[in-house]
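Chemist: Curious how this folds, go ahead:
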Amino acid sequence: MAKFKQITHVIFDMDGVILDSEPLYTKAIQNIVGKYGKTFTWDVKNAMMGLNRIDGSQFIVERLQLPITWEEYDAVIQEEYKLVLADPPVFPGAQKLIKHLHKHNIPISVATSSSQDSFDLKAAKYKDLFSLFDHIVCGGSDPDVKEGKPAPDIFRVSATRFPDKPKPEKCLVFEDAPNGVQAALAAGMQVVMVPDENTPLESRKNATLVVTSIDETPLEKFGLPPLRID
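Modeler: Got it, this is the predicted structure:
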């Protein structure tokens, strides 16, 4: 139990943690790269999850050796996202946890690699849910986030935007991607990982805690009010 530190603030990634949007990203990317005879495999996806827009587009073009520039790929994938990502489902467990923390006055925020436009598209149906957060940091367009995940910038920025500016060790992050876990740890925070079932064990080992569903997190170990399972 000694490895768990008491925390006061919680920071959520969005894609794959709050919104079940990762399968939709996979579909959109495959729709584009498939035109060039390429396959967006799980290994490629696992390596790029959590990257911001520019880094992600550059990664895909280089890794899959697409015969176009990353700028050209970025332009077409953004249009594809608008078609595919407009209606992602929310994870019921995440909704339950967010409402629980808000009810108990635990400061919470979102730190997503998405740009503001992308966030607005995906979150449009869930304005009531996202209104519960103290603030939202969209790393893909926020000028204060200089480097995307796995750099720690986005989580450090999110911590400073809480009114009381908690120290990193007082923050707990919820993440699904290895790049996000690395970013949270680099920021000096604890991180609960909710990985995709295909994520290799090797990519999970550095997380403070790994859970199969976000609402199974033993919050009391971090000094938070326990979430009762109905």
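
Chemist: Flag the helix or strand of this protein with the lowest per-element mean pLDDT.
Modeler: Across the helices and strands of the chain, mean confidence by mean pLDDT, DSSP states H and E is lowest for helix 42-48: a mean of 90.

Chemist: Could you list every helix and strand in contact with that one?
Modeler: Contact here means 3 or more CB pairs under 8 Å, 6 or more residues apart in numbering; DSSP states H and E; on that basis helix 42-48 packs against helix 22-33, helix 53-63. Every C-beta, even on glycine, is put in place using the N, C-alpha and C of the backbone.

Chemist: Mind listing residues that contact the lengthiest helix in the chain?
Modeler: Ordering each helix of the chain by length in residues (DSSP state H) puts helix 70-84 first. Applying CB atoms under 8 Å, 6 or more residues apart in numbering, the external contacts of helix 70-84 come out as 24-25, 27-29, 31-32, 53-54, 57-58, 60-62, 66, 118, 121.

Chemist: So among these, which ones count as buried?
Modeler: With neighbours counted using 16 or more other CB atoms under 10 Å, the contacts of helix 70-84 contain these buried positions: 24-25, 28-29, 32, 53, 57-58, 60-61, 66, 118, 121.

Chemist: what's the farthest-apart pair in these?
Modeler: Spatially, the most separated pair among the buried ones among the contacts of helix 70-84 is L66 and L121, at 24.0 Å (CB to CB).

Chemist: what's the distance between S21 and L51?
Modeler: Using CB to CB, to the nearest Å, one obtains 15 Å as the distance from S21 to L51.

Chemist: list the contacts for L19?
Modeler: With contacts taken as CB under 8 Å, 6+ apart, L19 has the following neighbours: P88, P89, V90, F91, K122, A123, Y126.

Chemist: could I get these as JSON lines with pLDDT and secondary structure?
Modeler: Putting those into JSON lines (pLDDT from 0 to 100; DSSP: H, G, I helix; E, B strand; the rest coil) gives the following:
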{"residue": "P88", "pLDDT": "92", "secondary structure": "coil"}
{"residue": "P89", "pLDDT": "94", "secondary structure": "coil"}
{"residue": "V90", "pLDDT": "95", "secondary structure": "strand"}
{"residue": "F91", "pLDDT": "94", "secondary structure": "coil"}
{"residue": "K122", "pLDDT": "93", "secondary structure": "helix"}
{"residue": "A123", "pLDDT": "94", "secondary structure": "helix"}
{"residue": "Y126", "pLDDT": "95", "secondary structure": "helix"}
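
Chemist: so what are the domain limits for this protein?
Modeler: Here the chain is described, according to automatic domain parsing, as comprising the domains 9-20+88-222, 22-84.

Chemist: Quickly compare these and say which is most buried.
Modeler: domain 9-20+88-222 (a mean of 19; mean count of other CB atoms under 10 Å).

Chemist: Just the strands from the protein, written as ranges.
Modeler: Secondary structure of the chain (DSSP state E): strands at 9-12, 108-112, 135-138, 171-175, 190-193, 209-210.

Chemist: May I see those strands organised as JSON lines, with mean pLDDT added?
Modeler: Output for those, formatted as JSON lines (pLDDT from 0 to 100):
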{"stretch": "strand 9-12", "mean pLDDT": "98"}
{"stretch": "strand 108-112", "mean pLDDT": "98"}
{"stretch": "strand 135-138", "mean pLDDT": "98"}
{"stretch": "strand 171-175", "mean pLDDT": "98"}
{"stretch": "strand 190-193", "mean pLDDT": "97"}
{"stretch": "strand 209-210", "mean pLDDT": "96"}
